[in-house]
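Student: Let's see this in three dimensions:
(2 chains)
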Amino acid sequence: DGGITQSPKYLFRKEGQNVTLSCEQNLNHDAMYWYRQDPGQGLRLIYYSQIVNDFQKGDIAEGYSVSREKKESFPLTVTSAQKNPTAFYLCASSIYWGANQPQHFGDGTRLSIL
Amino acid sequence: DAKTTQPPSMDCAEGRAANLPCNHSTISGNEYVYWYRQIHSQGPQYIIHGLKNNETNEMASLIITEDRKSSTLILPHATLRDTAVYYCIVHRDDKIIFGKGTRLHILP
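Tutor: Numbers count the residues shown, from 1 in each chain, chains lettered A, B, ... in the order given. Prediction:
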């Protein structure tokens, strides 16, 4: 089945450590996205990538980094510079970048900093 | 940036139509209206989207007012599995904004 796989589902890290969240899609989609969700809140865009080897900052990119070396993969690194990293992280993809393209979401990774 | 306003929660009896309102009075001509829903601890699920015209698919109908300042998502026959948070968002090419959504409770 085609879809988006995020791993792991739960992740625990010590304060001050960088941590990388995985996102893989087999939908052959060009565009990919990372969102952060805090309890009781909507989603906020961290980074997006319109095509392989390209990515752009979203609304809350500070303390995060991404890469897009392969079409199917868009890993997110939460660095030690991110002041409040504990959150639910969601990855999404769409056929291509644009307002007329629905996004397909993974089931998220819940990150907790100890 | 266009923002959306939704009631924080709504109830609907099982088997009845659920009508979820959304206000987007500052929407621009090139911005689409989307609806997603999120069941607890899962990723959001796409439901439907539109620009000007009303839209219908196997899940729901989307009614957009002529001035495009508001819209309504209609779930024609709500079931318990429709219990979720429903997000109305506006999306232009370079910006997508999620609000806090409406928590829909389906009552047996």
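Student: Kindly report the residues of chain A close to chain B.
Tutor: A:4, A:6, A:35, A:40-45, A:88, A:90, A:92, A:97-100, A:102-108, A:110 (C-beta under 8 Å from any C-beta of the partner chain). For every residue, glycine as well, the C-beta is placed using N, CA and C.
Student: Quick one: low-confidence residue ranges for chain A.
Tutor: Chain A contains residues with pLDDT under 70 at A:1-2.
Student: residue boundaries of the strands in it?
Tutor: A:4-7, A:10-13, A:19-25, A:31-37, A:43-49, A:56-57, A:64-66, A:76-78, A:87-94, A:104-105, A:109-113 (DSSP state E).
Student: Give me the helices and strands touching whichever strand in chain B runs longest, please.
Tutor: If you go by DSSP E, chain B has its longest strand at strand B:84-92. Helices and strands touching strand B:84-92, by 3 or more C-beta pairs under 8 Å, 6 or more residues apart in numbering or on different chains; DSSP states H and E, are strand B:18-23, strand B:32-38, strand B:70-75, strand B:95-97, strand B:102-107.
Student: For the helix or strand bottoming out on mean pLDDT in chain B, which residues meet the burial criterion?
Tutor: Sorting the helices and strands of chain B by mean pLDDT, DSSP states H and E puts strand B:95-97 at the bottom, at a mean of 76. Using 16 or more other C-beta atoms under 10 Å in any protein chain shown as the test for burial, strand B:95-97 gives B:96-97.
Student: Give the partner strands of that strand in its sheet and their orientations.
Tutor: Within its sheet, and counting by DSSP bridges, strand B:95-97 is paired with strand B:84-92 (antiparallel).
Student: what angle separates the partner strand from strand B:102-107?
Tutor: Between strand B:84-92 and strand B:102-107, the angle comes out at 150 degrees (axes from the mean of the first three to the mean of the last three C-alpha atoms, to 10 degrees).
Student: quick one: average pLDDT of the longest strand of chain B?
Tutor: Averaging pLDDT along strand B:84-92 gives 92.
Student: Residue B:72: what's it in contact with?
Tutor: Residue B:72 makes contacts with B:19-22, B:62-63, as judged by C-beta atoms under 8 Å, 6 or more residues apart in numbering or on different chains.
Student: Ramachandran coordinates for residue B:82?
Tutor: Torsion angles at residue B:82 (phi, psi; degrees, to the nearest 10) stand at phi -80, psi 0.
Student: What's the local residue count around it?
Tutor: Neighbour count of residue B:82, defined by other C-beta atoms under 10 Å in any protein chain shown: 19.
Student: measure it to residue B:47 for me?
Tutor: Relative to residue B:47, residue B:82 is positioned 10 Å away (criterion: C-beta to C-beta, to the nearest Å).
Student: Report the set of residues contacting both of the two.
Tutor: Listed as contacting both residue B:82 and residue B:47 by C-beta under 8 Å, 6+ apart are residue B:37.
Student: Neighbours of residue 26, how many?
Tutor: Looking at chain A here, since you left the chain open. For residue A:26, the neighbour count with other C-beta under 10 Å is 12.
Student: nope, chain B please
Tutor: 12.
Student: Tell me which residue lies nearest the centroid of chain A.
Tutor: In chain A, the centroid-proximal residue (C-alpha atoms, centre = their mean) is residue A:34; its distance is 2.9 Å.
Student: Now residue A:108. Nearest residue, chain neighbours left out?
Tutor: Sequence neighbours aside, residue A:90 is the residue nearest to residue A:108 in space, at 4.8 Å (criterion: C-beta to C-beta, 6 or more residues apart in numbering or on different chains).
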